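Asker: sharing a sequence plus its predicted fold:
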Amino acid sequence: MTIPDSVTSIDDFAFNGCTGLTSVMIPDSVMSIGKWAFAYCSGLASVTIPNSVTSIGDGAFTDCNNLAKIIFKNR
């Protein structure tokens with residue numbers, strides 16, 4: 001899934017429990033990822049986070065047991 005460029009923050013619990021989510025590309029427009037935003041996304045295997053993200057909330061990726069790759073992307 002690619003999050004649209006119009007998004008500036010990912011709210012608390014936004015994708016919590018989305019078991020069918022397998023990958024996420026976060027755009028440069030996002031500055032923060034909320035608490036528990038992707039928690040319990042058991043199918044999540046990869047996440048790309050740009051350097052525009054300055055804060056990641058507590059438990060944002062809790063119990064993402066298949067998360068094998070996190071890419072921190074430079075502009």
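Answerer: Looks like it arrived, so ask away.

Asker: walk me through which strands the helix or strand bottoming out on mean pLDDT in the chain pairs with, and which way each runs.
Answerer: The weakest-scoring helix or strand in the chain, judged by mean pLDDT, DSSP states H and E, is strand 69-73 (a mean of 93). Take DSSP bridges as the rule and strand 69-73 pairs in its sheet with strand 46-50 (parallel).

Asker: list the contacts of the partner strand.
Answerer: By C-beta atoms under 8 Å, 6 or more residues apart in numbering, the residues outside strand 46-50 that reach it are 22-28, 30, 33, 38, 56, 61, 67-75. Any C-beta I mention is one placed from the backbone N, CA and C, and that applies to glycine too.

Asker: now what about the least confident helix or strand of the chain, what contacts it?
Answerer: Under the criterion C-beta under 8 Å, 6+ apart, residues Ala45, Ser46, Val47, Thr48, Ile49, Pro50, Asn51 lie in contact with strand 69-73.

Asker: surely the last one meets Val30?
Answerer: To tie it back to what came earlier, the one meant is Asn51. No - using C-beta atoms under 8 Å, Asn51 is not in contact with Val30; the gap is 10.8 Å.

Asker: which stretches of this protein have low pLDDT?
Answerer: 75 (pLDDT under 70).

Asker: picking up where we left off before, could you flag which of the contacts of strand 46-50 are buried?
Answerer: Buried subset of the contacts of strand 46-50 (neighbour count, 16 or more other C-beta atoms under 10 Å): Val24, Ile26, Pro27, Val30, Ile33, Phe38, Ile56, Phe61, Leu67.
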